[in-house]
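Peer 1: predicted model, plus sequence, below.
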Amino acid sequence: MSEASPAKAYALHLGIIALLFVLSFVLPEYYHGLLARIMVLAVFAMGYNMLFGYVGLLSLGHAMFFGAGLYGAGLAIIQLGWGVPAAFIAGIACGAVLSLIIGLLALRTTGVAFMIVTMMFAQVFYLLILYFANWTGGDQGQVVPQPARVLDFGATALDLTNPTVRYMTALALFSFVLLVTLAIVRSRYGRVLVGIRENEERTKMLGYDTFSNKLMAVVVSGTICAASGAAYALLFGYVGSSFASVQYSILPLLWVLLGGAATTIGPLIGTVFMYYVIDVTSGYTSAYLLIVGIALILLVLFFPKGILGTIRQRWLGWLP
Amino acid sequence: MTPLLTTKDLSRNFGGLRAVDTVDFTLMPGEIRAVIGPNGAGKTTFVSLVSGRIQPSSGAIVFDGADITSQPAYIRVRQGIAYTFQITSVFANLSAYDNVALPVQRTLSDGRSKGAVRAGVMSALERTGLADRANMPAGQLSYGHQRLLEVAMGLALKPRLLILDEPTQGLADSEIDNFIALVRDIAKGATVLLIEHNMPVVMQLADRITVFNAGKILAEGTPEAIRENAAVQEAYLGTAP
């Protein structure tokens, strides 16, 4: 990892960003919109991967971080009438604070207990949304109105409901997070995280405060997921409790497993793949979830390290 | 000269068992000290207390004049106590390079330079003769090389006290000779506390020997004195010769 050629890795990542940019002008309207959504959700998956892939901490509660960003940004607009940039920052800040608190509490546990504790906290978060229904909209959710989703720069205005603006905004966020994850993974901090994943006791005995390092990773992970949620609220204009439900804690885990845990590009590939399979199969049958399930089982059986993890293992050892 | 390490009335109970029982121990800087004793005598528990892997039931540990009894393990490592594991505990899926890079990068005071990490890693790997295996996953190294990698990780911490827990266990005779030379080399810059069962190694390396039995220090002295000690012979052989 550390000794692999950095130029190759950066070239690959910039190439993917360039490809996504070009796709904006090539794709038909339906796929254009779908890919914008996928890029935002891939950010969610990358945030999840930060903790699951690199630190080896399996959380079943990341929907609350996505939800914190979603509601933080959405309610700032709907209830407080804030502008788009302030709302986006509010969403991210909500995720950062929430992940710090959850990290401090949940990191007292490891393994199965960590899964259960994070899942319980996420359920509390979900039920709080339903409980404060007159503020959050409850299970109906709320729509962020179109006029509130315009970035006003005086002379020019960026309308986030415009497909091209939406696509490019999603791409900008995706690219930023992708490059940040790459930098983290290649850094000394990234090496410490992998050390914790591989053998926490040994890492401690090399003089590392593993608790602080893990807490930092939870906050980074939670904040990235919140950025994804905040962007989702602003770009797609809907803030609903289903995004904080347990389903949205499991989805990023599946995307990351499919694409390849502890690979920087795996989360994108996993998210694309899952949407692609759903898209294709739902065209043939209403029982498409059955086929998705079978595809998942086959992948786990034959590609236990995910698509990119397998490629890295067999052919391209330098992949970050 | 002030001692590097002292323990005072140090005890650790596991249920009803007193694994370490009111041990008073003193280690001078620059020494190579061997700790020997029958299985279950409390040797590993004792060094685990010193390194902070487990907490004492009572007693105090003083390192370089400061009481470290309540400090967590990672702080003690930063103050210069390095522990190499009895059961090989390298990062099997990471390359030998990355295994050593983890301790090296933490001891570096300058924050950024990549060259400094590389230089530190290669120097530790060269001292242990592993330089040509830097890019191999640690799990694919032979057992003897994994033991050496453990030592390289300990060295990379630039310790003042290096604790080696049965380092020659499972090594071939030819490897043991190199190992003795390596420990002598390390001892030029650090104090070494060595748990060892292999008596020829102990007799060649140790300046002084501490004998544990049933959680207590049974005897302490030069290798010659310990060899002649009747109580030690009894503990090992069961009867007075």
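Peer 2: Yes, it's here.
Peer 1: next, the buried residues of the host helix or strand of residue B:182.
Peer 2: Assigned by DSSP states H and E, residue B:182 belongs to helix B:173-187. Neighbour counts over helix B:173-187 (16 or more other C-beta atoms under 10 Å in any protein chain shown) mark B:175-176, B:179, B:182-183, B:186-187 as buried. C-beta here means a position set from N, CA and C on the backbone, and glycine is covered the same way.
Peer 1: and it, what does it pack onto?
Peer 2: Contacting helix B:173-187 under the criterion 3 or more C-beta pairs under 8 Å, 6 or more residues apart in numbering or on different chains; DSSP states H and E are the following elements: strand B:32-36, helix B:143-156, strand B:191-195, helix B:199-205.
Peer 1: so which bits of the stretch 51-200 of chain A are right by chain B?
Peer 2: Proximity of the stretch 51-200 of chain A to chain B (C-beta under 8 Å from any C-beta of the partner chain) is limited to residues A:188, A:191-192, A:194-195, A:198-199.
Peer 1: give the contact list for the closest residue to chain B within the stretch 151-300 of chain A.
Peer 2: For the stretch 151-300 of chain A and chain B, the shortest gap (C-beta to the nearest C-beta) falls at residue A:207, measuring 3.5 Å. Residue A:207 makes contact with B:74, B:77-78, B:103, B:106-107, B:157 under the criterion C-beta atoms under 8 Å, 6 or more residues apart in numbering or on different chains.
Peer 1: any figure for the gap between residue A:281 and residue A:35?
Peer 2: Residue A:281 sits 18 Å away from residue A:35, taking C-beta to C-beta, to the nearest Å as the criterion.
Peer 1: what do you get for residue A:51?
Peer 2: In terms of C-beta to C-beta, residue A:51 sits 25 Å off from residue A:35.
Peer 1: the more surrounded of these two?
Peer 2: residue A:51 (29 against 20; other C-beta atoms under 10 Å in any protein chain shown).
Peer 1: now that one: closest residue in space that isn't a chain neighbour?
Peer 2: Spatial nearest neighbour of residue A:51, chain neighbours left out: residue A:221 (4.0 Å); criterion: C-beta to C-beta, 6 or more residues apart in numbering or on different chains.
Peer 1: what ranges does chain B have for its helices?
Peer 2: Along chain B, the segments classed as helices by DSSP state H run B:43-51, B:73-79, B:96-107, B:114-127, B:143-156, B:173-187, B:199-205, B:223-228, B:230-237.
Peer 1: looking at those helices, which one is packed in the most?
Peer 2: Most buried of those, by mean neighbour count (mean count of other C-beta atoms under 10 Å in any protein chain shown): helix B:96-107, with a mean of 25.
Peer 1: show residues contacting that one.
Peer 2: Contacts of helix B:96-107 (C-beta under 8 Å, 6+ apart): A:1-3, A:188, A:191-192, A:194-195, A:203, A:206-208, B:78, B:90-91, B:117, B:120-121, B:124-125, B:130, B:133-138, B:141, B:149, B:152-154, B:156-158.
Peer 1: worst-scoring helix or strand of chain B, pLDDT-wise?
Peer 2: Each helix and strand of chain B was given a mean pLDDT (mean pLDDT, DSSP states H and E); the minimum falls on helix B:230-237 at a mean of 77.
Peer 1: elements contacting that helix?
Peer 2: For helix B:230-237, the packing partners by 3+ C-beta pairs under 8 Å, 6+ apart come out as strand B:208-213, strand B:216-221.
Peer 1: now the most centrally placed residue in chain A: how far from residue A:74?
Peer 2: Against the mean C-alpha coordinate of chain A, by C-alpha atoms, centre = their mean, the closest residue is residue A:44 at 0.9 Å. Residue A:44 sits at a distance of 16 Å from residue A:74 (criterion: C-beta to C-beta).
Peer 1: circling back: what's the closest non-adjacent residue to the residue nearest to the centre of chain A?
Peer 2: residue A:228 (4.0 Å).
Peer 1: off-centre distance for the helix holding residue B:182?
Peer 2: On the basis of C-alpha atoms, centre = their mean, to the nearest Å, helix B:173-187 is displaced by 14 Å from the centre of the chain it belongs to.
Peer 1: stretch B:198-216 too?
Peer 2: 13 Å.
Peer 1: show the end-to-end separation of that stretch, please.
Peer 2: From its first residue to its last, stretch B:198-216 covers 21 Å (C-alpha to C-alpha, to the nearest Å).
Peer 1: again, but for stretch B:83-93
Peer 2: By C-alpha to C-alpha, the extent of stretch B:83-93 from end to end equals 21 Å.
Peer 1: just the pLDDT for residue 48.
Peer 2: Let's take chain A. We have a pLDDT of 97 for residue A:48.
Peer 1: not quite, I wanted chain B
Peer 2: Each residue has a pLDDT score; the one for residue B:48 is 94.
Peer 1: next up, the contacts around the residue most central in space within chain B.
Peer 2: By C-alpha atoms, centre = their mean, the mean C-alpha position of chain B lies nearest to residue B:163, the distance being 1.6 Å. By C-beta under 8 Å, 6+ apart, the contact list for residue B:163 reads B:47, B:50-51, B:81-84, B:193-195.
Peer 1: chain A next: which of those residues are close?
Peer 2: B:51, B:82-83.
Peer 1: pLDDT for the residues you listed - can I get that in JSON lines?
Peer 2: Shown next, in JSON lines, are the ones next to chain A among the contacts of residue B:163 (pLDDT from 0 to 100):
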{"residue": "B:51", "pLDDT": "94"}
{"residue": "B:82", "pLDDT": "94"}
{"residue": "B:83", "pLDDT": "92"}
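Peer 1: the strand or helix carrying the residue nearest to residue A:44 packs against which elements?
Peer 2: Per DSSP H and E, residue A:228 falls inside helix A:210-236. Packing contacts for helix A:210-236, counted by 3+ C-beta pairs under 8 Å, 6+ apart, involve helix A:29-49, helix A:63-78, helix A:84-106, helix A:163-186, helix A:188-198, helix A:200-204.
Peer 1: could you give the mean pLDDT of the second one?
Peer 2: When the per-residue pLDDT values of helix A:63-78 are averaged, the result is 96.
Peer 1: please apply the same query to the shortest one.
Peer 2: Looking at helix A:200-204 alone, the average pLDDT works out to 93.
Peer 1: can I get that helix in PDB, CA atoms only?
Peer 2: In PDB, the C-alpha atoms belonging to helix A:200-204 read as follows (Å, rounded to 0.1, in the frame of the first residue of the first chain):
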ATOM      1  CA  GLU A 200      -5.500  -3.700  17.800                       C
ATOM      2  CA  GLU A 201      -3.600  -5.100  20.800                       C
ATOM      3  CA  ARG A 202      -0.300  -5.000  18.800                       C
ATOM      4  CA  THR A 203      -1.000  -1.400  17.600                       C
ATOM      5  CA  LYS A 204      -1.500  -0.300  21.200                       C
END
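Peer 1: I figured residue A:52 hits residue A:259, correct?
Peer 2: No - in this structure, residue A:52 is not within contact of residue A:259 by C-beta atoms under 8 Å, at 11.7 Å.
Peer 1: how near is the residue in chain B that chain A sits nearest to to residue B:161?
Peer 2: Nearest residue of chain B to chain A (C-beta to the nearest C-beta) works out as residue B:77 at 3.5 Å. Per C-beta to C-beta, residue B:77 is found 10 Å from residue B:161.
Peer 1: show me where the stretch 201-320 of chain A has helices.
Peer 2: Taking DSSP state H, counting those that start in this stretch as the test, the helices found in the stretch 201-320 of chain A are A:210-236, A:247-259, A:266-282, A:288-302, A:306-314.
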